[in-house]
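Trainee: need coordinates for the following:
(one chain, ligands or ions: 1)
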Amino acid sequence: MSEPKRATDTPIPVEVEAGKSYFWCACGLSKNQPFCDGAHKGSSFTPVSYTHLTLPTNREV
Ligand code: FES
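Mentor: Numbering: from 1, shown residues only. From the prediction side, this is the model:
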């Protein structure tokens, strides 16, 4: 497999937690989109590490 598979044509809403790391599926084979489930094994693809950060909120003083 040299080309990634298109997982979907629509956005996949997910909930993520601040400070937690996730692995985004780059091959398109995962059954747990958009996250890697290990289905890329044996291909040239590797998941993309992502840590969810939050921006400080504006507060009135
Ligand atoms: S299953 Fe797609 S990168 Fe791991």
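
Trainee: CA only for contacts and neighbour counts going forward, please
Mentor: Noted.

Trainee: get me the contact residues on the protein for the ligand.
Mentor: Selection of the chain residues close to the ligand by Cα under 6 Å from any ligand atom yields 25-30, 36-40, 45-47.

Trainee: quick one, what contacts the most centrally placed residue in the chain?
Mentor: Note on the chain: the residue nearest the mean C-alpha position is Trp24, at 2.4 Å, using Cα atoms, centre = their mean. The contact partners of Trp24, taken as Cα atoms under 8 Å, 6 or more residues apart in numbering, are Gln33, Pro34, Phe35, Cys36, Pro47, Val48, Ser49, Tyr50.

Trainee: and the fifth one, how far from Thr54?
Mentor: Spelled out, that is Pro47. In this view, Pro47 and Thr54 are 22 Å apart by Cα to Cα, to the nearest Å.

Trainee: who's more crowded, these two?
Mentor: Using other Cα atoms under 10 Å as the criterion, Pro47 and Thr54 rank with Pro47 on top: 17 against 9.

Trainee: model confidence for the more buried one, exactly?
Mentor: Pro47 carries a pLDDT value of 98.

Trainee: pretty sure Lys5 sits against Ser30.
Mentor: No: Lys5 lies out of contact with Ser30 (Cα atoms under 8 Å); the separation is 9.8 Å.
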